[in-house]
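A.B. asks: pasting the sequence and the predicted coordinates here, then a few questions.
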Number of protein chains: 2
Amino acid sequence: MLRQPPLQPRKQATQARSARTVENILEAAARILEGLGFEGYTTNAIAAKAGVSIGSLYQYFPNKDAITIALIKRETARLLADVTMAAAERDWRVAIAKMVEAGVVHQLRRPRLAWLLDVEEGRLREQSSGMQIVNAMHLKLVEVLMKSQIDLREGAVVVAFDMMAITRGMTDMAGTRGETDTGALLNRVLRAVFRYVGIDKED
Amino acid sequence: MLRQPPLQPRKQATQARSARTVENILEAAARILEGLGFEGYTTNAIAAKAGVSIGSLYQYFPNKDAITIALIKRETARLLADVTMAAAERDWRVAIAKMVEAGVVHQLRRPRLAWLLDVEEGRLREQSSGMQIVNAMHLKLVEVLMKSQIDLREGAVVVAFDMMAITRGMTDMAGTRGETDTGALLNRVLRAVFRYVGIDKED
DNA sequence: AGATAAAACGAGTAAAGGCTCATATTTTTT
DNA sequence: AAAAAATATGAGCCTTTACTCGTTTTATCT
């Protein structure tokens, strides 16, 4: 079988090494944020930690914020997937429990990173709009609440925000304090969230 | 009654205008943080907004962080006072309710400022130690919990942190969303906090 | 009024850090 | 093997910004 010579110069598929470079840059950025906070979070430091020249870094990201945004997307992807799965559960109690669990697990995996990225997301929200994850989760949670038998005097929107706020608040605090027992924390968060909406579910 | 001539040149009392300058600087810093976030938070901008030269600013503050620390102290003073008063209440239910109220009111008065100062406090904590307000509040809350009949299986320390986390999480979220009805928010936070510890107190 | 201390001033310095671009290396294609 | 495309390099430009210091203005004291 003869190979057809392409009519147009074939769009060069991305080489494997460039993908590796991008990954290295993102992970270096994550590690610097975790280790040094915003202080040491400079493009030169990121490039150095990634074992890549500063020029290469700017070949893949137009500016520093783009790195942060990509990192947020990367760290957020699993959370969004888990929440979406959870929201599809038949039993709304299970759905809520799993959504809460997704949030807790996400935020306790790399607590400092999650926290710092939240701060950055807040800053970036002002300049470029963009469906943040908070809104995405909120939307799904409201859907679930509508199907539930929870007292929605305050409105599903408000209750959903409150449930997210409780989860985030407790998990942030736990992360700051260095708690690592996800199970224990999850139990407390579930108790707080379910009792808040008037359901005393001890399991 | 004859006035004793002072043996040493009397320590020159601070003039009124210097006190005004310091106040102007702090308020300018607060306003810039509120309006522009960390982006515009530069010493030159602060001095300009305060209507003061950059030289004067550095006459009263050795460096930029000192301004932030002074601002944190200023914003935090009332909160600490309120919490201390609240903790002294006889009835522990009232004590807890008032402590929660103090937190909510504080954080909803200038929400963005409170949030940004929290972030800064976290950053500064790492370098210079110093009794942050979170610890002070926590201490008092633990005391109150000890006198209460609340189920402390998880330990007073953990329960106290959870209560604070719930309060802060919900109020932060409310502030971010632009909620301004303190009363409505306070009701929800009280419900969340009291129900979390197994007390269903509808008032 | 004159002397002294306190407060204010702001041009300028130095360092940090985001980012560019001309060049070099590696990989792919023909 | 040669050409072309993709990828990598890093010295250095340029802006921003924390902070200094020599000078001037204002207030206080005798």
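C.D. replies: Looks like it came in fine.

A.B. asks: low-confidence ranges in chain A?
C.D. replies: Counting by pLDDT under 70, chain A contains low-confidence residues at A:1-13, A:129-131, A:202-203.

A.B. asks: which segments of it make up each domain?
C.D. replies: In the domain annotation for chain A, the residue ranges read A:16-61, A:72-196 (automatic domain parsing).

A.B. asks: how many other residues sit next to A:Leu124?
C.D. replies: Residues lying near A:Leu124 (other CB atoms under 10 Å in any protein chain shown) number 17. (Each C-beta comes from the backbone N, C-alpha and C, glycine too.)

A.B. asks: list the contacts for A:Val83?
C.D. replies: A:Val83 sits next to A:99, A:102-103, A:136-137, A:140 when contact means CB atoms under 8 Å, 6 or more residues apart in numbering or on different chains.

A.B. asks: filter those residues down to just the ones in helices.
C.D. replies: When DSSP state H is applied, the contacts of A:Val83 are split such that A:99, A:102-103, A:136-137, A:140 fall in helices.

A.B. asks: distance to DNA strand C and neighbour count for these - can I get that in CSV?
C.D. replies: As requested, the ones in helices among the contacts of A:Val83 are exported to CSV (distance: CB to the nearest atom of the strand, whole Å; neighbours: other CB atoms under 10 Å in any protein chain shown):
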residue, distance to DNA strand C, neighbour count
A:Met99, 35, 26
A:Ala102, 32, 22
A:Gly103, 30, 27
A:Ala136, 27, 15
A:Met137, 30, 24
A:Lys140, 34, 19
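
A.B. asks: output the longest helix belonging to chain A.
C.D. replies: Max-length helix for chain A by DSSP H is helix A:64-87.

A.B. asks: hmm, it in reach of DNA strand C?
C.D. replies: Yes - legend: contact between helix A:64-87 and DNA strand C by CB under 7 Å from any atom of the strand is shown at A:Lys64.

A.B. asks: and that helix, which residues are buried?
C.D. replies: Applying a neighbour-count criterion of 16 or more other CB atoms under 10 Å in any protein chain shown, the buried positions in helix A:64-87 are A:67-72, A:75-76, A:79-80, A:82-83, A:86-87.

A.B. asks: what separation is there between A:Lys73 and chain B?
C.D. replies: 21 Å (CB to the nearest CB, to the nearest Å).

A.B. asks: residues contacting the nearest residue to A:Glu154 once chain neighbours are set aside?
C.D. replies: Closest residue in space to A:Glu154, ignoring its immediate chain neighbours: B:Arg188 at 6.8 Å, by CB to CB, 6 or more residues apart in numbering or on different chains. If you count contacts by CB under 8 Å, 6+ apart, B:Arg188 has them with A:154, A:158, A:162, B:170.

A.B. asks: list buried residues within the residues you listed.
C.D. replies: In the contacts of B:Arg188, burial by neighbour count holds for A:158, A:162, B:170, counting by 16+ other CB under 10 Å.

A.B. asks: wait, the second one touches A:Gly169, no?
C.D. replies: No - here A:Asp162 does not reach A:Gly169: they are 10.2 Å apart, not a contact under CB atoms under 8 Å.

A.B. asks: who touches both of those two?
C.D. replies: Residues touching both A:Asp162 and A:Gly169 (CB under 8 Å, 6+ apart) are B:Met170.

A.B. asks: make JSON lines from the contacts of A:Val83 and add distance to DNA strand D to it.
C.D. replies: Compiled in JSON lines, these are given as follows (distance: CB to the nearest atom of the strand, whole Å):
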{"residue": "A:Met99", "distance to DNA strand D": "38"}
{"residue": "A:Ala102", "distance to DNA strand D": "34"}
{"residue": "A:Gly103", "distance to DNA strand D": "34"}
{"residue": "A:Ala136", "distance to DNA strand D": "31"}
{"residue": "A:Met137", "distance to DNA strand D": "33"}
{"residue": "A:Lys140", "distance to DNA strand D": "36"}
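
A.B. asks: now flag whichever of these is closest to A:Arg112.
C.D. replies: Within the contacts of A:Val83, proximity to A:Arg112 (CB to CB) peaks at A:Gly103, which comes in at 16.5 Å.

A.B. asks: what sits against the residue nearest to the closest one when sequence neighbours are not counted?
C.D. replies: Nearest residue to A:Gly103, sequence neighbours excluded (CB to CB, 6+ apart): A:Thr167, at 4.7 Å. Contacts for A:Thr167 (CB under 8 Å, 6+ apart) come out as A:100, A:103-104, A:189, A:193, B:169.
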